[in-house]
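In: sequence-free structure coming up:
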């Protein structure tokens, strides 16, 4: 199985990839405002790469629950200068976290290689055509509703079954738009139109997504469901997120999107070292 992102190609199985988050926004739930200025965002991206990030994800529109959308012009103003300044400095792929075709097109022109689309539930194909034309990597995320209202009583009969069916449909539609399966990564969208129980069910059943034969990305970094379960504020959710990371890696997840790159890399390399060890003991000699 491979994942193609313009000039980058990843072959699986391999050590899991870590995607570092750079929010160029004033209102993201964890680091909103800290990296809004271009130079600070670039420095933060370089720091994440130094910590072991295999990719960096640049976002100019907060998609936390209840977030208000921003205009295309505002999003472009936030992210394009960062990508233009960062791309010549690094040798890892840049991902643009956007729902807007025009932002995706401009980001790819500026040096991005991946489009991370929380709104893969879209009915129009314009953004997919942008991805196809550029030969970019594409992260298709499942979301019920839209960020402003997605946590208002989300409902599923079978959340994992629903997300699996959604991905099968998206892979078919993406191919019709010119996006090959080899360009696609699947993100079940933890926290995007899901209750605590839905999120736990999805994480517990992550291995079922391996049947789709595409790499799976998990984004659980500091998310509110961890706080709902444990009564922890965002600043105290790292350990819980790393526990999910360990579980997910054992279940076959190959990409992890996180604010906390260094500890995530450590946790993954430790889990992978243990996974590689034989599980049967040698009988003692008589």
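Out: Here it is on my side, so go on. If you're wondering where the values come from, they're calculated on a predicted model, not measured in any experiment.
In: which stretches of the stretch 101-250 of the chain form helices?
Out: With DSSP state H, counting those that start in this stretch as the criterion, the stretch 101-250 of the chain has helices at 101-110, 126-134, 159-176, 196-204, 224-230, 238-250.
In: export the ones you listed as a markdown table, with columns for distance to residue 3, mean neighbour count and mean pLDDT.
Out: C-beta coordinates here come from the backbone N, C-alpha and C atoms, glycine included. Formatted as a markdown table, these follow (distance: least, C-beta to C-beta, whole Å; neighbours: other C-beta atoms under 10 Å; pLDDT from 0 to 100):
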| stretch | distance to residue 3 | mean neighbour count | mean pLDDT |
| --- | --- | --- | --- |
| helix 101-110 | 16 | 21 | 97 |
| helix 126-134 | 13 | 20 | 97 |
| helix 159-176 | 14 | 17 | 96 |
| helix 196-204 | 21 | 18 | 95 |
| helix 224-230 | 27 | 17 | 91 |
| helix 238-250 | 17 | 19 | 96 |
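In: of all those, which one is nearest residue 11?
Out: helix 238-250 (17.4 Å; C-beta to C-beta).
In: orientation of that closest one relative to helix 196-204 in degrees?
Out: On the basis of axes from the mean of the first three to the mean of the last three C-alpha atoms, to 10 degrees, helix 238-250 is oriented at 40 degrees to helix 196-204.
In: now the element after helix 238-250, going C-ward?
Out: Using DSSP states H and E, the helix or strand that directly follows helix 238-250 along the chain is strand 255-258.
In: and the helix or strand following that following strand, what does it pack onto?
Out: Downstream of strand 255-258, the next assigned helix or strand under DSSP H and E is helix 261-275. Packed against helix 261-275 by the contact rule (3 or more C-beta pairs under 8 Å, 6 or more residues apart in numbering; DSSP states H and E) you find strand 17-23, helix 238-250, strand 255-258.
In: returning to that earlier point: reformat the helices of the stretch 101-250 of the chain as a markdown table; add distance to residue 188.
Out: Formatted as a markdown table, the helices of the stretch 101-250 of the chain follow (distance: least, C-beta to C-beta, whole Å):
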| stretch | distance to residue 188 |
| --- | --- |
| helix 101-110 | 21 |
| helix 126-134 | 19 |
| helix 159-176 | 5 |
| helix 196-204 | 5 |
| helix 224-230 | 13 |
| helix 238-250 | 10 |
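In: to residue 141, which of the ones you listed lies closest?
Out: Of those, nearest to residue 141 by C-beta to C-beta is helix 159-176, at 9.6 Å.
In: ok now that closest one, how far from the chain's centre?
Out: With C-alpha atoms, centre = their mean, to the nearest Å as the basis, helix 159-176 stands 17 Å off its chain's centre.
In: quick one: list the elements packing against that helix.
Out: Counting by 3+ C-beta pairs under 8 Å, 6+ apart, helix 159-176 packs on strand 137-141, strand 184-187, helix 196-204.
In: show me how far the shortest one is from its chain's centre.
Out: Centre-to-centre, strand 184-187 and its host chain are 8 Å apart (C-alpha atoms, centre = their mean).
In: what average pLDDT does that strand get?
Out: Strand 184-187 shows a mean pLDDT of 98.
In: output the contacting helices and strands for that strand.
Out: strand 137-141, helix 159-176, strand 217-219.
In: can you list these in TSV and add distance to residue 242?
Out: Rendered in TSV, the data for the helices and strands packed on strand 184-187 read as follows (distance: least, C-beta to C-beta, whole Å):
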stretch	distance to residue 242
strand 137-141	22
helix 159-176	23
strand 217-219	12
